[in-house]
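Undergrad: Model the structure of this input:
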Amino acid sequence: MRVLRAGVVGNGRQGHRHARVLESIDGVELVAIVDPKYHSPATSGISSNQRVPTVQSIENLIDIGVDYCVVAVPPLAQTAIALTLAEAKIPALLEKPLGVDLASSLAITAAFESRGLVAAINLIERFNPDLLELRRDFERGTLGRITAITTVRTSSNHKPPNTEIIFDLGVHDFDITMWITGLSYTSVETSVTSIRDRSFANEVLINGIVNDTISTSHSMGYTNMTPERYIEIVASKRTVKIPLVFDPSIHRPEPLELLHQAFRDKILGQEVVIPQLKDAVKSMAVAEAAIKSRENKIAHSI
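TA: All right, here's what the predicted structure looks like:
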């Protein structure tokens with residue numbers, strides 16, 4: 001197998017996770033990490049097995065030479081970095097949300113698609129083995145007709161106070177709803193359940209309608225307690241509830257590892273399915289509608 005040279009942009013918690021996985025999979029060499037806080041070439045302590053060179057800018061990484069790049073930075077910074085990578089014709093695995101809004105998400109998508117570059121979004125739930133099986137059950141008809149979908153997703157309270165929760169958390173649940181059903185949202189209505197100490201609401205409930213037939217309820221929030229994440233699907237033949245928190249005690253591949261393996265194989269020209277940027281755009285459209293609903297205090301059509 002050809003060994004691909006990969007770089008990571010971002011030296012935070014998510015960058016650490018990506019770097020750890022990149023070092024663990026076959027056929028990939030992690031060659032450098034971009035961290036603007038470093039003012040000269042140095043080494044990064046985030047590697048699990050070795051110390052990886054750290055550079056200050058995306059331009060430095062491009063000069064080193066990489067086959068693809070993983071971007072793990074806040075949405076405000078991701079747009080410029082993604083456009084720079086597209087201009088340099090470097091494939092990229094990007095974090096969610098894709099941009100700061102729908103317009104920037106569309107611009108990033110167009111930049112990669114117009115150049116025929118491989119690009120993916122970290123919609124990690126698509127690599128949850130239980131969700132994959134659930135989707136197959138739906139396609140086989142063993143679930144029957146879906147009538148309702150409920151998701152609950154809480155995350156650590158250690159987030160920047162200006163983090164928009166609907167972009168940060170909601171896009172995952174909007175995506176898995178559309179991915180499992182193969183259908184799109186018709187409308188959403190958002191209510192704020194808590195503001196507390198943030199400039200943005202940090203607990204919201206989003207009720208939606210998919211394809212005019214399926215009712216959805218998405219509850220999300222930041223918490224100091226243990227995160228709670230699950231999806232429950234009510235269908236005509238059975239009801240299914242699946243946890244969405246990865247349990248390392250269960251001996252099976254980590255979803256992030258499966259995503260990276262699929263992206264590696266896609267770069268190598270294999271016929272594999274990856275979460276495309278256009279999928280992220282669809283979720284961003286639902287997220288923007290949910291935000292407008294919260295602001296206007298009425299249901300918003302999509």
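
Undergrad: what comes up buried for the strand or helix carrying Leu205?
TA: Here Leu205 sits within strand 203-210, counting by DSSP states H and E. Within strand 203-210, the residues that qualify as buried by neighbour count (16 or more other Cβ atoms under 10 Å) are Glu203, Val204, Ile206, Asn207, Gly208, Ile209, Val210. All C-beta atoms are positioned from the backbone trio N, CA, C, and that covers glycine.

Undergrad: Would you mind measuring from Ile250 to Phe127?
TA: When distance is defined by Cβ to Cβ, to the nearest Å, Ile250 is 14 Å away from Phe127.

Undergrad: what about these two, which has more around it?
TA: More neighbours surround Phe127 than the other of Ile250 and Phe127, with 22 against 7 (other Cβ atoms under 10 Å).

Undergrad: And that one, how far from Lys89?
TA: Distance from Phe127 to Lys89, by Cβ to Cβ: 27 Å.

Undergrad: now swap in Gly10 and tell me
TA: For Gly10, the distance to Lys89 equals 21 Å [Cβ to Cβ].

Undergrad: More neighbours: the two, which one.
TA: Per other Cβ under 10 Å, whichever of Gly10 and Lys89 has more neighbours is Gly10, with 24 against 11.

Undergrad: need the contact list for the more buried one.
TA: His18, Ile33, Val34, Asp35, Val71, Ala72, Val73, Glu95 (Cβ atoms under 8 Å, 6 or more residues apart in numbering).

Undergrad: what about the stretch 151-300 of the chain, any weak spots by pLDDT?
TA: Low-confidence segments of the stretch 151-300 of the chain (pLDDT under 70): 159-162, 195-201.

Undergrad: at 80 instead, please
TA: Residue ranges of the stretch 151-300 of the chain with pLDDT under 80: 157-163, 194-202, 246-251.

Undergrad: ranges for the helices of it?
TA: Along the stretch 151-300 of the chain, the stretches classed as helices by DSSP state H, counting those that start in this stretch are 165, 171-181, 255-267, 277-296.

Undergrad: can you list the ones you listed in TSV and add distance to Pro53 and mean neighbour count?
TA: Shown next, in TSV, are these (distance: least, Cβ to Cβ, whole Å; neighbours: other Cβ atoms under 10 Å):
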stretch	distance to Pro53	mean neighbour count
helix 165	36	23
helix 171-181	32	23
helix 255-267	20	20
helix 277-296	29	21
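
Undergrad: Quick one, which of the ones you listed gets closest to Val240.
TA: Taking Cβ to Cβ, helix 171-181 is the member of the helices of the stretch 151-300 of the chain nearest to Val240, at 10.3 Å.

Undergrad: Parallel or antiparallel, which strands does the strand holding Leu205 pair with?
TA: strand 185-194 (antiparallel), strand 214-223 (antiparallel) (DSSP bridges).

Undergrad: Point out the most buried one among those.
TA: strand 214-223 (a mean of 20; mean count of other Cβ atoms under 10 Å).

Undergrad: Helix 277-296 and that strand, what's the angle between them?
TA: Interaxial angle, strand 214-223 versus helix 277-296 (axes from the mean of the first three to the mean of the last three Cα atoms, to 10 degrees): 80 degrees.

Undergrad: What angle do helix 171-181 and strand 214-223 make with each other?
TA: Going by the same axes, to 10 degrees, strand 214-223 makes 150 degrees with helix 171-181.

Undergrad: contacts for strand 214-223?
TA: Against strand 214-223 from outside (Cβ under 8 Å, 6+ apart): 146-157, 159, 163, 165-166, 169-170, 173-174, 177, 181, 183, 185, 193-194, 198, 202-210.

Undergrad: Perfect, I'm done here.
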